[in-house]
Every structure is written in C-alpha cells, then in structure tokens.
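Undergrad: generate coordinates for the sequence data below:
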Amino acid sequence: MKHVFGPVPSRRLGQSLGIDPIPFKTCNWNCVYCQLGRTTPVTDIRLNYFPPGEIVDEVRVALDAHRPGEIDWVTFVGSGEPTLHRSLGWMVRQVKGMSSIPVAVITNGSLLSQPDVREELLAADAVLPTLDAGNEKLYRAINRPHPSFTFNSLVEGLVTFRAAYAGRLWLEVMLVQGLNDTEPALQELAAILQRIHPDEVHLNLPIRPPAEPWVKPPNEEALMRATALLGSVARIIHPIDGVFDLTGYVNVGEAIVGIITRHPMLEDELVRTLDRWTPAQVREALDNLEARGSAHVVVRYGQRFWTSAAARYGETRDNASGNHRRGYR
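TA: All right, here's what the predicted structure looks like:
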C-alpha cells in the first residue's frame, strides 16, 4: 500500500496501523534530531497532497485484512507533518467510523495555532504533539521551524487545544544533550507544561539516526534530572522490539524500502524483522537497493543505519562497503 503500513510495534500504542498522508519529508519543521533527515525545504502550505478518499480506502482494506485484536491503534503519523494535509480532519472522522479501534494523531503541534486544525483533531482519541523547548531561542535551535511560526504561537495553540480537547493529550519531548537537558532548559519547559496540563509527557531519545551528526542523547544524570523536573506525568520512552506486519509486501526489496522510509534501521535489525527471508537474501537485497540508488547508509553513534535514498543528512554517507561518498548539505 502507498499510504498505510504495519501494524508496527509501539511502546505507547501497542500494534499500531500507520497512516502516512503526505509525501516524504513534507514538513514545517527541520528538527536537528529527525530520524528521516533534513527537511528541504520547510513548508507551511496545507494541501490535499494525496486524495483523501484514496487514503481512507487503503485503511478500510487494511482493517478488513486483520482479525480483531491484531491492531490496537490506527495512527496518523506522516513522514513529515500530517496536519499539513488539508483533509486530515475528514480522514480522522472517516476512520473513526470504520471500527471501534481508537485513532491517534502524532503531530509537531505547530498548526494547533489555527482554529480549523484544532477543530479537526478534536475527533481523535489521542493527540501526541511535540514541545522540545521552553523559549523561542531554543525552539529555533532544535526544531528549526518555518519562519512563519513562533514559539508563542506553538504554546498558545497547545494551551487552547487542551482547553477544548476531551481525549488523551500525550506531549512528546525529544531530549538532546547540551540543548534541552540542562536544568534551566528543563525548568522553563516545566513552566510551560503547567500551562498545558497534558495527560502524559513522553521523554524521547534520539536513538535513530538524527539529521545532524552532533546530536546526542542525554546521559543518565540528565535523564534523572528531566524526570524530576518535569513532574509525575513524565516518563522515558525506550525503543521496543516487536512484530512488523509485512504481509502486503511481495518481495524483500519492497519490504525493506517500506520499512526504512519511515523507520531507519541497523542491518541486524532488518535481518531480524525480515525473517520471512534468509539473512543472505536480506543482505543481497540491501546491496541491490543501494546500487540502484533506492537506499543508503548513514553513520551515527558509530553504527550504520539503512535509510531511504530520499533522506538528507548533515554529513557524508557511507555505502555498504564502508566507503564515504558525497554528503548532503
């Protein structure tokens, strides 16, 4: 399928059927930690990037193909910012009408400053927006938003949405070493959280390959500081192993591209995930994909992650043999 994938394992959402309603890296932020690489260029334009009926039809097919209990959540989670799709609210309502499975939207929250977007997301059972900073300077350093967005509009949008929203508001914070894991940064963030009143605060770590090579996860001391300062609703979200549903893929190459376009992975992780095929078949497919320019390797934390050929990172990339090739700037 073009827009629907999984279900995939999620620590917060169990087995989650993903819906990607926008083209790769269509986003209004260019976060330094994004596992999908840099946004080039950032955009603030809401469009029907793909026909909404086509997306909803794919969801219906996927739901019909699974037995009760195999899907815990249906999640709108773009390879960019899903609220940039102008018909997101209509799609959420349509999917809600198909089954009793709850619907979540993972968003950076920037467009909650707009009344129509807030209204669209009221139908979702859970909304997971992002707040990584407690001031304008840090917001621009971490999230690198489109110039039309301000920190104040982000916060006011979150506060206003919380006041009207009866569902679960789970705020996401990506902790980056040396930026938002210091005591002053966390205290500022805690003050903003007191205004928003989220049901939970999920502390994420840049484990997957970040867009910029200097991004590092915080150390244990900083994690303890974050959980202490951000309150009892805050908890650290660690990566989870689980089963990726790959029944829709005909061959191993298609399966690899389908996974790494949204979830860059280590080669060993891909071998374990793609256990319908032998390790030799997976590695041969990876070599072929790289040779055709359909996948490449990015090195982070001394490890080699396979990722989409369309992804752009802030340093030179390696090929499968470990040789440096031209970088993306």
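Undergrad: mind showing which ranges of this protein have poor pLDDT?
TA: Residues of the chain meeting the criterion pLDDT under 70: 240-243, 316-329.
Undergrad: now do the strands in it.
TA: In the chain, the strands defined using DSSP state E lie at 4-10, 14-19, 73-76, 103-106, 126-128, 168-174, 200-204, 234-236, 265-266, 295-300, 303-308, 316-318, 324-327.
Undergrad: using CSV, lay out those strands together with distance to His146 and mean neighbour count.
TA: C-betas here are computed from N, CA, C, even on glycine. Shown next, in CSV, are these (distance: least, CB to CB, whole Å; neighbours: other CB atoms under 10 Å):
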stretch, distance to His146, mean neighbour count
strand 4-10, 27, 22
strand 14-19, 23, 22
strand 73-76, 20, 24
strand 103-106, 19, 25
strand 126-128, 21, 23
strand 168-174, 18, 21
strand 200-204, 22, 20
strand 234-236, 28, 16
strand 265-266, 29, 18
strand 295-300, 24, 22
strand 303-308, 22, 20
strand 316-318, 26, 17
strand 324-327, 24, 10
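Undergrad: and of these, who's closest to Pro213?
TA: With CB to CB, the closest approach to Pro213 among the strands of the chain belongs to strand 295-300: 7.0 Å.
Undergrad: quick one: the closest one to strand 303-308, angle?
TA: Here strand 295-300 runs at an angle of 140 degrees relative to strand 303-308 (axes from the mean of the first three to the mean of the last three CA atoms, to 10 degrees).
Undergrad: just list what strand 295-300 packs against, helices and strands only.
TA: Packed against strand 295-300 by the contact rule (3 or more CB pairs under 8 Å, 6 or more residues apart in numbering; DSSP states H and E) you find helix 252-260, helix 279-291, strand 303-308, strand 316-318.
Undergrad: in JSON lines: the strands of the chain, plus distance to Asp64.
TA: Below are the strands of the chain laid out as JSON lines (distance: least, CB to CB, whole Å):
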{"stretch": "strand 4-10", "distance to Asp64": "12"}
{"stretch": "strand 14-19", "distance to Asp64": "12"}
{"stretch": "strand 73-76", "distance to Asp64": "13"}
{"stretch": "strand 103-106", "distance to Asp64": "17"}
{"stretch": "strand 126-128", "distance to Asp64": "23"}
{"stretch": "strand 168-174", "distance to Asp64": "27"}
{"stretch": "strand 200-204", "distance to Asp64": "31"}
{"stretch": "strand 234-236", "distance to Asp64": "35"}
{"stretch": "strand 265-266", "distance to Asp64": "29"}
{"stretch": "strand 295-300", "distance to Asp64": "31"}
{"stretch": "strand 303-308", "distance to Asp64": "29"}
{"stretch": "strand 316-318", "distance to Asp64": "40"}
{"stretch": "strand 324-327", "distance to Asp64": "43"}
